[in-house]
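1. no sequence for this one, just the structure:
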């Protein structure tokens, strides 16, 4: 036993080192090959700017990167929060009251198949060219669907044995919701929000391609590309990736926090 | 009803009285007679097992006593009240085949769940939880989560939870059904001890003959389609804690096992073994 445990923990450590080193190595190799293609093989700059050029632009326009990320990020965040809250609220109503479930099913199904991009020009003209509201609404719509579907599923996962137990304890409906229904649904709600977090960023960003106020990441990507500033366009793409990752990781952390103590086996 | 097997005074109210109960379920393919003219009395402090093949309605009968389902005809009373009133008054504790613990609560929070729902003060709750975990031998695991426990330990937590409000009646629906034989026998021994300590009456659903014989004062043998009581067999075994361990190897134990087995076979449609076993 005593001989086995240190052996296993050493493998564990090697495993976790590998988990960090492997993706970093892949990244370095890809960047190396990329830089090699551009500066030695001579792929032209407008086809593929070199990583060095992109980094240079990123540093040069860092202030604009930050403010653009802030604008798009705020749109995505507002959309995500409002869309998720609406999704949870409506799912709770649908779970508790059958008619609402039947009424909402076709609406949600049609929302789920709307290409978000198609809505952008319409909403932009609805709310005016100087308003961010259209983008926030699009991010909200995109977030609503996965949160609603997953939450509704979660509310229906209550085990029969738990329901029997609550009846035996003569628990009030408020107590049942608090002690069994909600905790059962929590992991499902967070799965929905995690999916929604990426969708919110993508939708807020793509919505900027279709007019409305400039200054967000999507707007600056299209302006830079239109003025042939390809390395700068790529730098904004990098900033968009960072924004998406930040959203995803923040939601993942929130999920871990809310479901701590459950994953022990 | 024999009185010699009832540990408590005969003048106390019976724990469970079932009179002329029928239960019919409506299904798509027509009516299913789950129970037909059931009469059963469980005295205070008495351990009664319900045994029979699948579909004999033993779990349904227990659910009627627990007021989780309502009888189609007849009456069920618990400590002289209706089953519903007894449920609202928390007169019984219950354990199912699945432990049914809440996976997001620690062991002690699970045991304390009924107390919490019924507004017991947190100091009282803590001391009662300590007592209960001590009783089922899980004091060292109070901060663990259910996923971290073995099946037998989870079932012990469920039993501790069912005892939380010191009920005078315990309803148990195959609580050891999913456990391996070794764990099962250990749990049975513990249950005998716990029952002796608490003096509660028990209605115990099982399909294991040795389990029913080992635990019970009386074994109710049921037969299927429609579910009815075939025979009620009183057990005459010395269940004093000192003797409990050797009980499974005694001559009297095997005689009782044979008696229950033969009663079960009389009720089944397949003819097997000697028939016409004497009643009681």
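-> Great, that's in hand. Quick caveat, the model's predicted, so the values are computed rather than measured. Residues are numbered from 1 along each chain as shown, chains lettered A, B, ... in the order given.
2. now the end-to-end length of stretch B:200-213.
-> For stretch B:200-213, the separation between the terminal residues is 18 Å (Cα to Cα, to the nearest Å).
3. which parts of stretch B:133-150 are buried?
-> B:133, B:135, B:136, B:138, B:141, B:142, B:144, B:145, B:146, B:149 (16 or more other Cβ atoms under 10 Å in any protein chain shown). (C-beta placed from N, C-alpha, C; glycine too.)
4. near chain A, anything from that stretch?
-> Yes: looking at stretch B:133-150 against chain A by Cβ under 8 Å from any Cβ of the partner chain, the contacts come from B:145, B:147, B:148.
5. who's in contact with residue A:190?
-> A:251, A:254, A:255, A:258, A:259 (Cβ atoms under 8 Å, 6 or more residues apart in numbering or on different chains).
6. Residue B:178 is in contact with residue B:154, isn't it?
-> No: under the criterion of Cβ atoms under 8 Å, residue B:178 is not in contact with residue B:154, lying 9.6 Å apart.
7. Who has more neighbours out of these two?
-> The residue with more neighbours, out of residue B:178 and residue B:154, is residue B:154; 22 against 15, by other Cβ atoms under 10 Å in any protein chain shown.
8. Check that one and give its pLDDT.
-> Residue B:154 carries a pLDDT value of 90.
9. got it, and the one 3 residues further on?
-> Residue B:157 carries a pLDDT value of 91.
10. Please identify which helix or strand holds it.
-> Using DSSP states H and E, residue B:157 maps to helix B:151-162.
11. ok, which pair from the buried residues of stretch B:133-150 is furthest apart?
-> Across the buried residues of stretch B:133-150, no pair lies farther apart than B:135 and B:145, at 20.7 Å, counting by Cβ to Cβ.
12. tally of neighbours for whichever residue of the stretch 1-150 of chain B sits closest to chain A?
-> Among all residues of the stretch 1-150 of chain B, residue B:100 sits closest to chain A, at 3.8 Å; criterion: Cβ to the nearest Cβ. By the criterion of other Cβ under 10 Å, residue B:100 has 22 neighbours.
13. Near chain A, which residues of chain B are found?
-> Checking chain B against chain A by Cβ under 8 Å from any Cβ, the hits are B:66-68, B:87-88, B:90, B:94, B:96, B:98, B:100, B:102-104, B:106, B:113-114, B:117-118, B:145, B:147-148.
14. List the ones among the residues you listed that fall in strands.
-> Counting by DSSP state E, those place residue B:94 in strands.
15. Now the buried members of the residues of chain B next to chain A.
-> By 16+ other Cβ under 10 Å, the residues of chain B next to chain A give B:66-68, B:87, B:90, B:94, B:96, B:98, B:100, B:102-104, B:106, B:113-114, B:117, B:145 as buried.
16. quick revisit: same for chain B: which of the contacts of residue A:190 are within range?
-> Under the cut-off given by Cβ under 8 Å from any Cβ, chain B has residue A:259 from the contacts of residue A:190 close to it.
17. Adding neighbour count, secondary structure and pLDDT, write the contacts of residue A:190 out as JSON lines.
-> As requested, those are exported to JSON lines (neighbours: other Cβ atoms under 10 Å in any protein chain shown; DSSP: H, G, I helix; E, B strand; the rest coil; pLDDT from 0 to 100):
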{"residue": "A:251", "neighbour count": "21", "secondary structure": "helix", "pLDDT": "89"}
{"residue": "A:254", "neighbour count": "14", "secondary structure": "helix", "pLDDT": "88"}
{"residue": "A:255", "neighbour count": "17", "secondary structure": "helix", "pLDDT": "87"}
{"residue": "A:258", "neighbour count": "15", "secondary structure": "helix", "pLDDT": "81"}
{"residue": "A:259", "neighbour count": "14", "secondary structure": "coil", "pLDDT": "78"}
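18. Show me which of the contacts of residue A:190 is closest to residue B:261.
-> The nearest member of those to residue B:261, counting by Cβ to Cβ, is residue A:259 at 48.6 Å.
19. picking up where we left off before, so the residue of the stretch 1-150 of chain B closest to chain A makes contact with residue A:165?
-> Yes: taking Cβ under 8 Å as the definition, residue B:100 is a contact partner of residue A:165 at 5.6 Å.
20. Can you tell me the closest non-neighbouring residue to residue B:185?
-> Computed as Cβ to Cβ, 6 or more residues apart in numbering or on different chains, the closest residue to residue B:185 that is not its neighbour in sequence is residue B:248, at 7.4 Å.
21. residues contacting the one you found?
-> Contacts for residue B:248 (Cβ under 8 Å, 6+ apart) come out as B:185, B:210, B:214.
22. Out of the residues you listed, list just those in helices.
-> Among those, DSSP state H puts B:185, B:210, B:214 in helices.
23. For the closest residue in space to residue A:53 that isn't next to it in sequence, grab phi and psi.
-> In this structure, residue A:53 finds its nearest non-sequential neighbour in residue A:231, 4.1 Å apart by Cβ to Cβ, 6+ apart. Main-chain torsions, residue A:231, degrees, to the nearest 10: phi -60, psi -40.
24. moving C-terminal of the helix holding residue B:157, what's the next helix or strand?
-> Past helix B:151-162, further along toward the C-terminus, the next helix or strand under DSSP H and E is strand B:169-173.
25. who are the neighbours of that next one, in terms of helices and strands?
-> If you count contacts as 3 or more Cβ pairs under 8 Å, 6 or more residues apart in numbering or on different chains; DSSP states H and E, strand B:169-173 packs onto helix B:58-65, strand B:92-95, strand B:201-206.
26. Show me which residues of the stretch 51-200 of chain A sit near chain B.
-> Of all the residues in the stretch 51-200 of chain A, those lying near chain B are A:159, A:161-162, A:164-165, A:167-171, A:175, A:179-180, A:183, A:186, going by Cβ under 8 Å from any Cβ.
27. from those residues, which is closest to chain B?
-> Nearest member of these to chain B, counting by Cβ to the nearest Cβ, is residue A:161, at 3.8 Å.
28. residues contacting the closest one?
-> B:96, B:98, B:100.
29. Check residue A:132 too.
-> Residue A:132 neighbours (Cβ under 8 Å, 6+ apart): A:71, A:74, A:75, A:212, A:213.
30. could you redo the last one with a cut-off of 10 Å?
-> Going by Cβ atoms under 10 Å, 6 or more residues apart in numbering or on different chains, residue A:132 touches A:71, A:72, A:74, A:75, A:78, A:204, A:207, A:208, A:212, A:213, A:215, A:216.
31. Name the weakest-confidence residue in these, if you would.
-> Across the contacts of residue A:132, the smallest pLDDT goes to residue A:212, namely 73.
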